[in-house]
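**Student:** my questions are about this predicted structure, shown below with the sequence.
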Amino acid sequence: MAYKSVLTVVTSPALEDSALEGAIALTQAQDAHLEILALGIDHSTPGYYYAGTNALIEQATLERAREDAEAIETALREKMERRQCRWATDSALAQIGTVQTIVGNRARFSDLVILPKPYGEDKGVAEEAVLEAALFAGNVPVLVLPRQCELKRPEKVVLAWNQSAEALDAVRAALPLLQQAAMTNIVIIDPPRHGPDRSDPGGMLSQMLSRHGVRAEISVIAGTMPRTADVLARHCDDQQADLLVMGAYGHSRFREAIMGGATRDMLEAAKIPVFMSH
C-alpha cells in the first residue's frame, strides 16, 4: 500500500504559506503523482450588498479571484519546472460557499491531501473551508503541516486511539507512514471502564498493526488537563513525536461541515504534522 495520487491546494501566490514543499517531499518519497489546485477564492458573501450594487461588486470580486488563481498557477509552474517529481496543476474559482464542492470533487480521487495548518494570525476562513472540504466532502485523509515544518520520514508516531470509527479509519489510511516509522505510540486517554477492550486497552489495535509490520507500544494516560487536545500535545512533546495520527470529527451547522471542537483544538495546538481521517 502506498500513496500514488497526492493533492495539495494553494490559495495564495505566496507559496511559502502553502504546504507545497511538504507535498513535493512526500510525492518523491512515495514515487507518486502530485496534483496541485490553484484556487482563487471570492471572499464576498452573495446577497450582502444593497440592491443595484450587488451584481457589480460580485463581478469585481470574481475578477479578483480569477486574477489570484492565474497568479498562483504562474508561480506554481515556475517553481515546479525545477523540481524532480511527476506533477500537474490546474486552476479554479470558488466562493466560500462553493469550496466544499470544488475541493471535495478534486480530493475524492486522491489517496492523500496535504494542506497547511488552517489556524494562525495570517489565516482566514478560506483555509479552514478547504480542509473541511477535503475531509468531509472528499472523504480522503489529510496531512496538515504547520508552517515551516519540514516533512520527513517519521521516526516516532503518536496514534490517538479512542476506539471510534474515525480513529480506526485514520489508522488504516496512515499505514504507509506507520510502516516507515521506527516506533508508533498508541496513546489512550482515560479508557472507558466498561469498554470492549477494558482488560487490554489498545491490545487488538497493536496486534493488527504488528501484522502490518508496524512496531507499536501502548501508553494509557490520564486526562489531567481540561482539553483533550492539550493532553495530546503534551504527550507528543514527551514522546518527541514527528507525527500525530488521529480521527477527524465534525458536525453540520452553517456550512456543509464544521470541524468539532476537539479536532479544531488539536490543529490549533499542533507543532508537528497531523494526519487526520474522517
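**Tutor:** Okay, I see it.
**Student:** all contacts plus neighbour counts: C-alpha atoms, from now on.
**Tutor:** Will do.
**Student:** tell me where the stretch 101-250 of the chain has helices.
**Tutor:** All helices of the stretch 101-250 of the chain, identified by DSSP state H, counting those that start in this stretch, fall at 125-132, 165-173, 175-180, 203-211, 228-239.
**Student:** mean neighbour count, mean pLDDT and distance to S44 added to these, as TSV?
**Tutor:** Formatted as TSV, those follow (neighbours: other Cα atoms under 10 Å; pLDDT from 0 to 100; distance: least, Cα to Cα, whole Å):
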stretch	mean neighbour count	mean pLDDT	distance to S44
helix 125-132	21	91	11
helix 165-173	19	96	33
helix 175-180	20	96	39
helix 203-211	14	96	46
helix 228-239	17	94	33
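**Student:** quick check: which of those is nearest to A14?
**Tutor:** A14 lies closest to helix 125-132 among those, at 13.9 Å (Cα to Cα).
**Student:** show me what that closest one is packed against.
**Tutor:** Under the contact criterion of 3 or more Cα pairs under 8 Å, 6 or more residues apart in numbering; DSSP states H and E, helix 125-132 touches helix 99-107.
**Student:** neighbouring contacts of the helix it packs on?
**Tutor:** Defining contact as Cα atoms under 8 Å, 6 or more residues apart in numbering, one finds that helix 99-107 is touched by 7, 94, 113, 129-130, 132-134, 136-140, 256.
**Student:** how does it look with 6 Å?
**Tutor:** 133-134, 137-138 (Cα atoms under 6 Å, 6 or more residues apart in numbering).
**Student:** which one of those residues has the most neighbours?
**Tutor:** A134 (33 neighbours; other Cα atoms under 10 Å).
**Student:** which residues touch that one?
**Tutor:** Per Cα under 6 Å, 6+ apart, neighbours of A134: 104, 107.
**Student:** for W87, name its beta-bridge partners.
**Tutor:** Partner residues in beta bridges with W87, using DSSP bridges, are L34.
**Student:** tell me how far A29 lies from K4.
**Tutor:** According to Cα to Cα, to the nearest Å, A29 stands 10 Å off from K4.
**Student:** ah, wrong one, I meant E67
**Tutor:** According to Cα to Cα, E67 and K4 sit 31 Å apart.
**Student:** flag the shaky bits of the protein, pLDDT-wise.
**Tutor:** 45-58, 194-199, 251-260 (pLDDT under 70).
**Student:** what about 80?
**Tutor:** Counting by pLDDT under 80, the chain shows low-confidence ranges at 1, 43-60, 120-124, 192-199, 250-262.
**Student:** what's the single longest helix in it?
**Tutor:** helix 54-80 (DSSP state H).
**Student:** sort out which residues of that helix are buried, please.
**Tutor:** Taking 16 or more other Cα atoms under 10 Å as the neighbour-count basis, helix 54-80 is seen to contain the buried residues 58, 61-62, 64-66, 68-73, 75-76, 80.
**Student:** ok, stretch 94-105 next?
**Tutor:** Residues of stretch 94-105 classed as buried: 94-105 (neighbour count, 16+ other Cα under 10 Å).
**Student:** okay if I get the residues you listed as JSON lines plus distance to E121?
**Tutor:** Shown next, in JSON lines, are these (distance: Cα to Cα, whole Å):
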{"residue": "A94", "distance to E121": "23"}
{"residue": "Q95", "distance to E121": "22"}
{"residue": "I96", "distance to E121": "19"}
{"residue": "G97", "distance to E121": "22"}
{"residue": "T98", "distance to E121": "24"}
{"residue": "V99", "distance to E121": "22"}
{"residue": "Q100", "distance to E121": "23"}
{"residue": "T101", "distance to E121": "27"}
{"residue": "I102", "distance to E121": "26"}
{"residue": "V103", "distance to E121": "24"}
{"residue": "G104", "distance to E121": "26"}
{"residue": "N105", "distance to E121": "29"}
